[in-house]
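Participant: this one's structure only:
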């Protein structure tokens with residue numbers, strides 16, 4: 001398990017999925033990664049038969065919704081500025 005902010009989630013997708021710059025920027029433009037959202041990979045096979053990590057879930061928030069917890073994407077309040 002890796003806990004990270006949006007930029008790291010997107011950088012990992014870029015690397016793990018071998019995306020080009022245009023595709024990762026398009027994913028970023030689709031919307032923010034929600035706080036506490038889950039991005040999950042599983043073991044799969046590429047079209048050439050090689051084993052690879054494959055995206056199974058992205059920005060998955062069902063556990064939050066089930067717990068009736070608000071889904072947010074806003075940054076936390078800057079407590080150091082107080």
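Facilitator: It's in. Here the structure is a predicted model, which means the values were calculated and not measured.

Participant: secondary structure class for residue 36?
Facilitator: Using DSSP: H, G, I helix; E, B strand; the rest coil, the secondary structure recorded for residue 36 is coil.

Participant: Surely it touches residue 61?
Facilitator: Yes. In this structure residue 36 lies within contact range of residue 61 using C-beta atoms under 8 Å: 7.4 Å. Where you see a C-beta, it was placed from the backbone N, CA and C, and this is true even at glycine.

Participant: who's more crowded, these two?
Facilitator: residue 61 (17 against 13; other C-beta atoms under 10 Å).

Participant: just checking, that one touches residue 33?
Facilitator: No. Taking C-beta under 8 Å as the contact criterion, residue 61 and residue 33 are not neighbours in contact, 9.9 Å apart.

Participant: Could you list the buried residues of the longest strand along the chain?
Facilitator: With residue count as the measure and DSSP state E as the assignment, the chain has strand 51-60 as its longest strand. Within strand 51-60, the residues scored as buried using 16 or more other C-beta atoms under 10 Å are residue 59.

Participant: Does anything pack onto that strand? Which helices or strands?
Facilitator: If you count contacts as 3 or more C-beta pairs under 8 Å, 6 or more residues apart in numbering; DSSP states H and E, strand 51-60 packs onto helix 6-16, strand 38-45.

Participant: Show me what it is in contact with.
Facilitator: Applying C-beta atoms under 8 Å, 6 or more residues apart in numbering, the set of residues contacting strand 51-60 from outside is 13, 16-17, 31, 33-34, 37-46.

Participant: what ranges of the protein fall below the confidence cut-off?
Facilitator: The chain contains residues with pLDDT under 70 at 75-82.

Participant: among the helices and strands packed on strand 51-60, which is the most enclosed?
Facilitator: helix 6-16 (a mean of 15; mean count of other C-beta atoms under 10 Å).

Participant: got the angle between it and strand 51-60?
Facilitator: Note on geometry: by axes from the mean of the first three to the mean of the last three C-alpha atoms, to 10 degrees, helix 6-16 and strand 51-60 are set 150 degrees apart in direction.

Participant: quick one on the thing from earlier: wait, which of the contacts of strand 51-60 is closest to residue 6?
Facilitator: residue 33 (4.2 Å; C-beta to C-beta).
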